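S.K.: based on what follows, work out the 3D shape:
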Amino acid sequence: MRQGAGEVVVWRDRRLCSRERRPAAVEDDLDATRQRRAHGRRVAPARGPGRAPAALTSPSPRGGGAAAEKVREGAAAARDPLELRRGARGAPRRADEKPLRRRRSAALQPEPIQVYGQVSLNDSHNQMVVHWAGEKSNVIVALARDSLALARPKSSDVYVSYDYGRSFRRISEKLNFGEGNSSEAVIAQFYHSPADNKRYIFADVYAQYLWTTFDFCNTIQGFSIPFRAADLLLHSKASNLLLGFDRSHPNKQLWKSDDFGQTWIMIQEHVKSVSWGIDPYDKPNTIYVERHEPSGYSTVFRSTDFFQSRENLEVILEEVRDFQLRDKYMFATKVVMCNVCLQFPVTDL
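M.R.: As a prediction, this is how the structure comes out:
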């Protein structure tokens, strides 16, 4: 702190404090200094929270004798100890004194942990699908396969990492058809449960076979299903509930399972597209189905009980060419005839 004629300049943490930002204790001592200079008297600082008791004032003797020295010592003892420490920063601090309060610097944000590296799987397939199990998990699942553009891929391999990808373990031998069947499984796709990140489903769409795991692929069980699982839709909240869509069947069948794929029932045919309802805009078991009609167009249905009753079935749109559900929005392409010129159809969204 530097005190001059009518001003106090304080440096704190190498920053210059303006007059408006001076502490109250400094302002009190400034007033006392001004009064002392005006009247030639020593004035003790005013009482306040955390301040020392005010001392009686006495006339300031002229000169530098012993009496003047005693008066100066008494006035110094009456001043705030905190302010004395401000004036003598180099002086040692008593055991009962608190350290000077300094302006806190902004908290440093921790840098994100970077986990990266290189691992060789020695795999000859030309495609790889990699999936991280999610938060609070160090599991990564990788599917190596041939291009799906081929008439029928001949092989596949599945790898699992339990250390964020530093090393991988091949688990393809667990994906078999059981005793008595030596055929090699060809995994075209795998699915991860959004409701339980420990659950995975692996599908061989050519053999109509599924493999499921409930513990990050440590144990795997397989079973046959009555359709080709070209598309599986796992529920976001109910971990056992999923839909299966067989695009390859002539009737475009839609199936439902409520035991994580072990048993299935068919709920709809002639399906063009299907999607789960969106929480919180739809009820938990709501599904939207776009169904082909003999007219060549589609009808969009909404059902809350998987088409078990007409009471819970609603027609959303008719004579639709395309339909999509994205978050809280529904998009549909519909052809209508213009009243002015019937020869030119108008596309309405």
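S.K.: mind listing the helices for the stretch 201-349 of the chain?
M.R.: Using DSSP state H, counting those that start in this stretch, no helices are found in the stretch 201-349 of the chain.
S.K.: for this protein, give me the ranges with low pLDDT.
M.R.: Flagging of the chain using pLDDT under 70 yields the residue ranges 1-117, 151, 153, 338-349.
S.K.: biggest strand in it by residues?
M.R.: strand 313-326 (DSSP state E).
S.K.: wait, residue 145 sits on residue 125?
M.R.: Yes: if you go by C-beta atoms under 8 Å, residue 145 and residue 125 touch, sitting 5.5 Å apart. Where you see a C-beta, it was placed from the backbone N, CA and C, and this is true even at glycine.
S.K.: shared neighbours of the two, anything?
M.R.: Counting by C-beta atoms under 8 Å, 6 or more residues apart in numbering, the residues touching both residue 145 and residue 125 are 155, 156, 157.
S.K.: among those, which ones are in strands?
M.R.: Those of these mapping onto strands are 156, 157, per DSSP E.
S.K.: out of the shared contacts of residue 145 and residue 125, which end up buried?
M.R.: Neighbour-count burial (16 or more other C-beta atoms under 10 Å) applied to the shared contacts of residue 145 and residue 125 gives 156, 157.
S.K.: Serialize the shared contacts of residue 145 and residue 125 to JSON lines and add fields for distance to residue 278.
M.R.: Shown next, in JSON lines, are these (distance: C-beta to C-beta, whole Å):
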{"residue": "155", "distance to residue 278": "38"}
{"residue": "156", "distance to residue 278": "33"}
{"residue": "157", "distance to residue 278": "36"}
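S.K.: out of the shared contacts of residue 145 and residue 125, flag the one nearest to residue 244.
M.R.: Using C-beta to C-beta, residue 156 is the member of the shared contacts of residue 145 and residue 125 that sits closest to residue 244, with 19.8 Å.
S.K.: count the residues that sit near the nearest residue to residue 308 once chain neighbours are set aside.
M.R.: In space, and not counting its chain neighbours, residue 308 is closest to residue 267: 8.0 Å by C-beta to C-beta, 6 or more residues apart in numbering. Using other C-beta atoms under 10 Å, residue 267 is surrounded by 19 other residues.
S.K.: and for residue 278?
M.R.: Using other C-beta under 10 Å, the number of residues around residue 278 comes to 16.
S.K.: quick check: the gap between it and residue 322.
M.R.: Going from residue 278 to residue 322 by C-beta to C-beta, to the nearest Å gives 18 Å.
S.K.: list the beta-bridge partners for residue 271.
M.R.: Legend: beta-bridge partners of residue 271 under DSSP bridges are residue 291.
S.K.: and it, how far from residue 331?
M.R.: Taking C-beta to C-beta, one finds residue 271 at 18 Å from residue 331.
S.K.: can you check residue 233 too?
M.R.: 18 Å.
S.K.: and these two? Which one has more around it.
M.R.: Higher neighbour count among residue 233 and residue 331: residue 233, with 17 against 10, using other C-beta under 10 Å.
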